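In: Predicted coordinates and the sequence they were generated for:
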Amino acid sequence: MSDITFNAQKREKAGKGAARACRREGRVPAVIYGNKQEPVMISLHPVELEKALDLVGFYDAEIEIVLGSKKIKVVCQDVQFHPVSDKPIHVDFLRK
């Protein structure tokens, strides 16, 4: 189990249209929620995410998301994959 770090960008809008726009820009939409705080919508670089998904124990690993000057400790709750290409299309992270 290795620690994983993602450099994320904040997304301003939520919803299906905003997620599709994020994917058109070549990024993977994601959300950080839990710990009685407001959800934070982010986007991840797809190559970083796919490399991390190949690691053994990804769902059990403590993940650090760097969002500007903030570092957020999370665990992966769920990853949604495209039914044909099997590429990640959305990720849910839970705060620790």
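Out: Looks like it came in fine.

In: Can you give me the distance of Gln77 to Ile42?
Out: According to C-beta to C-beta, to the nearest Å, Gln77 stands 14 Å off from Ile42. In this view, the C-beta of every residue, glycine as well, is placed from N, C-alpha and C.

In: So for those two, which sits in the more crowded spot?
Out: Per other C-beta atoms under 10 Å, whichever of Gln77 and Ile42 has more neighbours is Ile42, with 22 against 14.

In: SS state for the residue lying closest to Cys22 once chain neighbours are set aside?
Out: Nearest residue to Cys22 in three dimensions, chain neighbours excluded: Pro29, at 4.4 Å (C-beta to C-beta, 6 or more residues apart in numbering). Three-state call for Pro29 (DSSP: H, G, I helix; E, B strand; the rest coil): strand.

In: from memory Pro29 sits against Arg23, does it?
Out: Yes - Pro29 lies in contact with Arg23 (C-beta atoms under 8 Å); the separation is 6.8 Å.

In: Please enumerate the shared neighbours of these two.
Out: Both Pro29 and Arg23 are contacted by Ile89, under the criterion C-beta atoms under 8 Å, 6 or more residues apart in numbering.

In: out of those two, which sits in the more crowded spot?
Out: Pro29 (22 against 17).

In: Pull the contacting residues for that one.
Out: Pro29 touches 11, 18-19, 22-23, 41-43, 89-91, counting by C-beta under 8 Å, 6+ apart.

In: is it in a bridge, and if so with what?
Out: In this entry, Pro29 is beta-bridged to Ser43, by DSSP bridges.
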